[in-house]
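Student: next comes the sequence, and after it the predicted model I'd like to discuss.
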Amino acid sequence: MKREKFSSRLGFILISAGCAIGLGNVWRFPYITGVYGGAAFVLIYLFFLAILGIPILVCEFAVGRASQASAAVSFDRLEPKGTKWHWFKWAAMGGNYMLMMFYTTIGGWMLLYFFKMAMGKFEGMNADQVAVSFGQLQQDPLIMTIFMIVIVVFCFAVCGMGLQNGVEKITKVMMLSLLVLMVVLAVKAIILPGASEGLKFYLLPDFAKVKEAGIAKVVFAALGQAFFTLSIGIGAIAIFGSYIDKQRRLTGEAIWITILDTSVALIAGLIIFPSCFAFHVSPDAGPKLIFVTLPNVFNAMDGGRFWGALFFLFMTFAAVSTIIAVFQNIISFAMDLTKCSRTKAVIINTIVIIVLSMPCVLGFNVLSSIQPLKQGNNIMDLEDFILSNNLLPLGSMVYLIFCTAKNGWGWKNFTKEANTGKGICISNWMRFYMTYILPVIVFIIFIWGYYDMFFAAK
C-alpha cells in the first residue's frame, strides 16, 4: 500500500508545528517566564532552543523520512542487523499514549472555558469566586469526562478522514486561525492602558531578576522549556518526516517549525504580560495563570467576555492541533504494526484513549487520595512526570545516539538523509557536538528533573 503524503510543504510545516505548538507554548511558557524573571529568561530559553531543540528535531525527521514509517517500525527498518534499537518502539508508542492520557483532559478544560467565557459565566465574579469555579470544575468528574470525550471523538474523527482530507486540511485552517487570533489578542493587550510595564518586564532583560530567582534554577528551567516545547523524543514529530518528499533538506524545515513554535510562545507572552500588568495582576501565578488569573483580567477589561472567549478559542486550537497530530501518530502505529485499516485503528483507539484518560479525570476528585509522587500531587502529575522527565529526555538520547553511533544508523546515513534536497545542511563540524556533548546535556536535564521533583526546596 502506497504511503500517504502531504499535499504541500505548508501543510507539513503547519502540522509539524501544530504537534509542537501546544499548551507548553501558550500555558507553560508564559507562567514559567513570569516565575523566572521575564525577558532575561526568554533570551536564555531562545539560546537553548537553538542549540538543543533543532538538532534533535532533525534526527527525528530524518529517521521518519528514511524509514517511511512511524516509530512502530522505523528502527526495525534502519538499524544494523542484529541490534536491538527496535525495542525503543514500545517506549515511543507508550509516550504518545501517555501524553494523551492527560492532554485530552486539559483540552476539555480549554473547550469548556471557551463556552463559559462566551456565555458570560465569569461576569460579576471576583478573584476568589473565579478560583472556586476552577476548583468546582476539577471536583466534577462528569463534566470533565463529557468534554474530554468531545475532544477525543472530534480529533479522531478528523484523523479518520485521512491525512490530506482530514489532518492536513483541518489543521491548516486551525493553525492559521490560531495565528490570526493571537495577533489580534496581542494588539489588544499591547494598547491597554498600563500595558507598557508588562512589555518592559517581558521585553527588556533584567539579569538581576535571574540572580534573584537563582541562576541555576533559571538556566535549568530554560533548558527544560526549550527541550519540552518541541515534543521531541517519542516519535511524535518523526511521523511527519515519513509523509514528506526529499525536495528539502531537513535542517531548514526544523528551523522553520522551531521559529513558528517559538513565535506562538512569544506572542502568548505579548497577550498575557501586558494584560496582567494593565490590571495589576501578578504574572507569576504558576499553572493557575490561565484558569484563575486570566479570567479575572478579562472580567476587568472592556469587552472582556468577547476577548476572553477569543483567548480560550485559541487555547483550544493549540491543544487540539497537538492532539490531532499525536492521534495521527497513534493511528500510524496501529496501521504499521498490524496492517489494519485507518477506520479500524480510529475506532479502537478512540475507545482506548477514552478509557486511558479516565484516571486523570478521576485523579482530581474520586481518586484524589492517590498522591503517587509526593504530598499534593495527583495522577496527572505522575503521568506528566513519566512523560516529561523520563520518556522525552531518554527518547531524545536514543534518537541522538542512533543517528550518530557506528552501531546505530550512523552519522553518514543520518547526514545523507538530512541533507537530501535544497536548503540548510547539517555540517560535519556538528558531529562531535551531537555525538558527545548534546547527549550529556539531555542526560543532565533528565537527572535535574528527578532532583527538582524529589529534592529541590520549593
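Tutor: Perfect, I can see it now.
Student: contacts for stretch 364-372 next, please.
Tutor: With C-beta atoms under 8 Å, 6 or more residues apart in numbering as the test, stretch 364-372 has contacts from 138-141, 144, 359, 363, 377-382. For every residue, glycine as well, the C-beta is placed using N, CA and C.
Student: top of those residues by neighbour count?
Tutor: residue 363 (25 neighbours; other C-beta atoms under 10 Å).
Student: what sits against that one?
Tutor: 370, 378-380.
Student: what do you get for residue 220?
Tutor: Contact analysis of residue 220 by C-beta under 8 Å, 6+ apart lists 445, 448, 452.
Student: what about the last one, neighbour count?
Tutor: In this case it means residue 452. Other residues near residue 452 come to 15 when the count uses other C-beta under 10 Å.
Student: skip the chain neighbours and tell me the closest residue to it.
Tutor: residue 220 (7.3 Å; C-beta to C-beta, 6 or more residues apart in numbering).
Student: pull the distance from the helix or strand the one you found falls within to the chain's centre.
Tutor: Element membership for residue 220, per DSSP states H and E: helix 215-228. Centre-to-centre, helix 215-228 and its host chain are 16 Å apart (C-alpha atoms, centre = their mean, to the nearest Å).
Student: same question for stretch 376-396.
Tutor: Mean C-alpha position of stretch 376-396 versus that of the full chain (C-alpha atoms, centre = their mean) differs by 13 Å.
Student: quick one: buried residues of that stretch?
Tutor: For stretch 376-396, a neighbour-count test (16 or more other C-beta atoms under 10 Å) marks 377-396 as buried.
Student: quick one: contacts of it?
Tutor: By C-beta under 8 Å, 6+ apart, stretch 376-396 touches 56, 88, 91-92, 94-95, 98-99, 101-102, 105, 227-228, 231-235, 359-360, 362-364, 367-368, 370-373, 442-443, 445-446, 449-450, 453.
Student: swap in stretch 28-45?
Tutor: Contacts for stretch 28-45 (C-beta under 8 Å, 6+ apart): 201-207, 209-210, 212-213, 217-219, 221-222, 225-226, 228-229, 265-266, 268-269, 272-273, 276, 282-287, 289-290.
Student: show me the strands in the stretch 101-250 of the chain, by range?
Tutor: Counting by DSSP state E, counting those that start in this stretch, the stretch 101-250 of the chain has no strands at all.
Student: what about it, any weak spots by pLDDT?
Tutor: Across the stretch 101-250 of the chain, nothing is flagged by pLDDT under 70.
Student: go again using 90 as the cut-off
Tutor: For the stretch 101-250 of the chain, applying pLDDT under 90 flags the ranges 123-131, 134, 162-183, 185-186, 188-189, 192-194, 197-198, 200-232, 235-245.
Student: helices along that one, start to end?
Tutor: In the stretch 101-250 of the chain, the helices defined using DSSP state H, counting those that start in this stretch lie at 127-138, 141-160, 169-190, 196-203, 207-213, 215-228, 238-241, 250-278.
Student: name the residues of the third one that are buried.
Tutor: Buried residues in helix 169-190, counting neighbours by 16+ other C-beta under 10 Å, are found at 169-172, 174-175, 178-179, 181-182, 185-186, 188-190.
Student: please tell me how far residue 174 sits from residue 319.
Tutor: The gap separating residue 174 from residue 319 is 11 Å, by C-beta to C-beta, to the nearest Å.
Student: picking that back up, winner for burial among the helices of the stretch 101-250 of the chain?
Tutor: helix 238-241 (a mean of 29; mean count of other C-beta atoms under 10 Å).
Student: count of neighbours near residue 232?
Tutor: By other C-beta under 10 Å, 28 other residues sit near residue 232.
Student: over to it: give its phi and psi.
Tutor: phi -90, psi 150 (degrees, to the nearest 10).
Student: test my guess that it contacts residue 55.
Tutor: No: with contact defined as C-beta atoms under 8 Å, residue 232 does not reach residue 55; the gap is 9.7 Å.
Student: neighbours of residue 398, how many?
Tutor: By the measure other C-beta under 10 Å, the count of residues near residue 398 is 23.
Student: now do it, the pLDDT please.
Tutor: Residue 398 carries a pLDDT value of 96.
Student: hang on, isn't residue 106 packed against residue 319?
Tutor: Yes: judged on C-beta under 8 Å, residue 106 makes contact with residue 319 at a distance of 6.4 Å.
Student: who has more neighbours out of the two?
Tutor: residue 319 (25 against 21).
Student: what sits against the more buried one?
Tutor: Applying C-beta under 8 Å, 6+ apart, the residues near residue 319 are 22-23, 103, 106-107, 110, 151.
Student: SS state for it?
Tutor: helix (DSSP: H, G, I helix; E, B strand; the rest coil).
Student: and the nearest residue to it once chain neighbours are set aside, how many neighbours?
Tutor: Sequence neighbours aside, residue 107 is the residue nearest to residue 319 in space, at 3.9 Å (criterion: C-beta to C-beta, 6+ apart). Residue 107 is flanked by 28 other residues according to other C-beta under 10 Å.
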